[in-house]
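>>> Turn this into a model:
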Amino acid sequence: MSSYDTIIIGAGMSGLAAGIRLAYYDQRVCILERHTTIGGLNSFYRLGGRNFDVGLHAVTNFTPKGTRKGPLARLLRQLRFNWDDFSLSPQIGSTIAFPGVSLRFNNHFEFLRSEVERSFPAEKDNFQKLADTVVDYDDLNENVASRSARSIVGQIIKDPLLVDMLFCPLMYYGSARENDMDFAQFSIMFRSIFMEGFARPWAGVRLILKNLVRRFKQLGGELRLRAGVRRMEVEGGRVTRVVLDDGTQLAGDRVLSSAGWVETMRLCDGVHEVKSSAAGQLSFVESVSLLDAEPRELGCDQTIVFFNDSDKFHWQKPDELVDVRSGVICCPNNFDYAQPLDEGVVRITALANFDRWKNLPEADYQAAKAIWYKRMVESAVQFVADFRPRVVASDTFTPMTIKRFTGHENGAVYGTPEKRWAGTTHLKNLFICGTDQGFVGIIGSMFSGIAMANRHLLGMPEKTDPASASAAKRQTDH
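As a prediction, this is how the structure comes out:
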C-alpha cells in the first residue's frame, strides 16, 4: 500500500497550489482526481475542433506586474512563480447595468468612486464609508464574519438601488447564500473585484493549469487522474486509509480535501452525519458563443457586463430551469492582450435550478439547452450589442455539467453557505481547502490551498492567517 505525507483530494486550483507548496518542503504528496482532466470548475474542453473554457471569466485580485503587496503578489511568492508565468492582461473595463442606470468600473477604484458620485451623488460619502469599512474589516473577527452583509451595507448605503447594484457582481462571483452574503465574503469580493480588478491570460485557464501541474511534477509530486475517492477509513479520530473507486488503498499522514465540506464528510466512513440541507442551492447555466468578428467590432466593448432587468436584484434558486432576469456577459476578447484571440467569444451566465435540469429526460435535456441558450441571449442583448448574426458556433453547460466537473451536490458553484474558515474538521488529520473553506475565484482558491497547507501541514500559521491576507489587501495601493 502506497504511503504519503499528504494526500490531496481534487486537482482544482486549490489542490494543485497546496500540492506545490507542500512539495517545496520535501513532503511526499499525491493529488487524487476523479476525472480525466484537471481544474475542477475552472477547466477546459474541445468541441468541434475548438477550445472552450469552463468557469473562467476573469482572474480577480489583479494588480500590475511588479506590485509587491496584495493576494496575487503573495501567491506568486508562496508558489515561487514569476508574474510572466500567469501572463495576466488587465480588463478594458466593465459595467453593472440596471434599467436606466449603470456603473462602470475598471482596475482603478477611483473610477468606480467617481461613477457612484455621478449616478448616486447623495451616496458619495456613504460609499466612501463602505469602502473604509471593507478595508478595515478583520477577517479573524468571527463575531462579524457571518453577519448579514445586506444588513451591514444597508446601514451605510441608503439607496436600495445602489445596494443591489453593488451586490450583483459580488454575488455572481462569490456568494453561496441565497439573497445575502456573509460580511466576510462580501468584503473579500469587494476588495478583489472593485479595489483590485480583473485580468486574464491570453491562452485562458489552460496556461495557469499547465504551469501548476508542471511545477508540481517537477517537485516530485504525484498526480493520479481517474482516481476518485470512494471513502476514507477512520479510526481513533483520524483518517487511516483513503480507498479509491477501484479499491486501491492509500495511506497518508494527513488528508487535505478540496472536494467540498458536505462531499468530504460523506466520504468519512459513515462516522459523521451530514444533512443534505447543508449543501448549497445556487447553480448556473452558461452559454458560450463563438463569433466571426471581434465583439468590439460589433459594439460589445466592455470586458464584463453584470446586468439586471429590473430595479430589484434577485439572488436565489429559480423556480424555472433558468432565471434570465439577471446575468453576466463576458467578452474574453476585451482584455488588454498583446495580440487578439483567434475568434470572438461571448459568454453568458445565469442562475439555474439543479433539480429541474437533473430530472429532464435526455431528449428534453438537449432541447432545453437550445431553448435556454436562445432565451439567455435574448435577455443579454438588452444590455449589449446584438451579436447573434455573427455566431458561428455555440455550446451551453448546465448544473449537471458543474456537478460532473466539481462533484458538488446540487451543482452548487460556490458550495455550502456555511464556510469553514479555519479549514479543520472533526478528524485530527483531515482538513479542507477551496470553495468551502471560504476563498473563491482562481486567486482565492489557490490562496486557500496555500493557506491551509501552511497552517495545518507545515505549521506556519503566522504567514497564512486570513488576517495576513487581509492585511496584504489593505496595504495594496488602489
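
>>> Domains in this protein, by residue range?
2-88+203-278+415-475, 90-201+280-406 (automatic domain parsing).

>>> Could you pull out the buried residues of the helix or strand harbouring residue 243?
Taking DSSP states H and E as the criterion, residue 243 maps to strand 238-244. Across strand 238-244, burial judged by 16 or more other Cβ atoms under 10 Å covers 239, 241-244. (Glycine included, C-beta is placed from N, CA and C.)

>>> Including distance to residue 16 and pLDDT, could those residues go into CSV?
Output for those, formatted as CSV (distance: Cβ to Cβ, whole Å; pLDDT from 0 to 100):
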residue, distance to residue 16, pLDDT
239, 21, 96
241, 23, 96
242, 18, 97
243, 23, 97
244, 19, 97
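
>>> and the domains of the chain, which one's lowest on average pLDDT?
Lowest mean pLDDT within the domains of the chain: domain 2-88+203-278+415-475, at a mean of 87.

>>> how far does it sit from the chain's center?
13 Å (Cα atoms, centre = their mean, to the nearest Å).

>>> Can you list the buried residues in stretch 20-31?
In stretch 20-31, counting by 16+ other Cβ under 10 Å, buried: 20-23, 27-31.

>>> which residue ranges form the strands in the stretch 151-300 of the chain?
Remark: strands assigned in the stretch 151-300 of the chain by DSSP state E, counting those that start in this stretch are 199-201, 222-224, 229-235, 238-244, 249-257, 283-291.

>>> okay if I get these as CSV plus distance to residue 113?
Output for the strands of the stretch 151-300 of the chain, formatted as CSV (distance: least, Cβ to Cβ, whole Å):
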stretch, distance to residue 113
strand 199-201, 21
strand 222-224, 44
strand 229-235, 47
strand 238-244, 49
strand 249-257, 40
strand 283-291, 30
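
>>> And those strands: which comes nearest residue 64?
strand 199-201 (9.3 Å; Cβ to Cβ).

>>> Longest helix of the protein, counting residues only.
helix 362-380 (DSSP state H).

>>> For the stretch 1-150 of the chain, just list every one of the helices.
Applying DSSP state H, counting those that start in this stretch to the stretch 1-150 of the chain gives helices spanning 13-23, 71-79, 83-86, 109-119, 124-136, 142-145, 149-156.

>>> For residue 48, state which of the buried residues of strand 238-244 is nearest.
residue 244 (33.5 Å).

>>> what sits against residue 379?
307, 309, 324-325, 327, 350 (Cβ atoms under 8 Å, 6 or more residues apart in numbering).

>>> Can you tell me which of these has the most neighbours?
residue 327 (26 neighbours; other Cβ atoms under 10 Å).

>>> if I've got this straight, that one is in a helix?
No. Secondary structure of residue 327 (DSSP: H, G, I helix; E, B strand; the rest coil): strand, not part of a helix.

>>> That one - nearest residue in space that isn't next to it in sequence?
Nearest residue to residue 327, sequence neighbours excluded (Cβ to Cβ, 6 or more residues apart in numbering): residue 350, at 4.1 Å.

>>> before we move on, what about residue 254?
Excluding its sequence neighbours, the residue lying closest to residue 254 (Cβ to Cβ, 6+ apart) is residue 429, at 4.5 Å.

>>> Let me see the contact set for the one you found.
Taking Cβ under 8 Å, 6+ apart as the test, what residue 429 contacts is 238-239, 253-255.

>>> now do residue 292
Going by Cβ under 8 Å, 6+ apart, the list of residues near residue 292 reads 343-344, 390, 392.

>>> will you turn the residues you listed into JSON lines that also has neighbour count?
Formatted as JSON lines, the contacts of residue 292 follow (neighbours: other Cβ atoms under 10 Å):
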{"residue": "343", "neighbour count": "16"}
{"residue": "344", "neighbour count": "25"}
{"residue": "390", "neighbour count": "17"}
{"residue": "392", "neighbour count": "12"}
